[in-house]
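J.: take a look and give me a structure for this.
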Amino acid sequence: MADEVMITTTDNPFNPLLDYDSWMRWDMMKGYNTNALLARITITSHELSDEDQSVALRRAMDEIVKYNASGVHTLVTREVFDKR
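T.: As a prediction, the model looks like this:
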């Protein structure tokens, strides 16, 4: 999927779209807990369709990056990650 986007931190050397387990270990080791942050920000429900769940998740990622309280969160695609 060409437009697949994931949240990460600027210092994480692993691409969450290609090596999720290594990305997650790094994220937890550094204390970012990005997935927990994403879970707190995402407004969702089991009553939403898969498409609506995806939209809610993307909105939450955008919000985290927009306000970027930690100063380290960013969005990546497969192509963008490879260029950084």
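
J.: need the contact list for residue 70.
T.: Residue 70 is in contact with 9, 32, counting by Cβ atoms under 8 Å, 6 or more residues apart in numbering. Backbone N, C-alpha and C define where each C-beta goes, glycine included.

J.: from residue 30, how far out is it?
T.: Relative to residue 30, residue 70 is positioned 10 Å away (Cβ to Cβ, to the nearest Å).

J.: residue with max distance from the center of this structure?
T.: Within the chain, residue 47 marks the point farthest from the mean C-alpha position, 22.5 Å out by Cα atoms, centre = their mean.

J.: so that one: helix, strand or coil?
T.: Recorded secondary structure, residue 47: coil (DSSP: H, G, I helix; E, B strand; the rest coil).

J.: now the element after the longest helix seen in the chain, going C-ward?
T.: Secondary structure of the chain read by DSSP state H shows that its longest helix is helix 50-67. Once the chain leaves helix 50-67, the next helix or strand it forms, by DSSP states H and E, is strand 73-76.

J.: tally of neighbours for residue 16?
T.: Residues near residue 16, counting by other Cβ atoms under 10 Å, number 22.

J.: by mean pLDDT, which helix or strand of the protein comes out lowest?
T.: For the chain, using mean pLDDT, DSSP states H and E, the weakest element among its helices and strands is helix 78-83, scoring a mean of 68.

J.: hang on, the earlier thing: give me the common contacts of residue 70 and residue 30.
T.: Contacts common to residue 70 and residue 30, judged by Cβ under 8 Å, 6+ apart, are residue 9.
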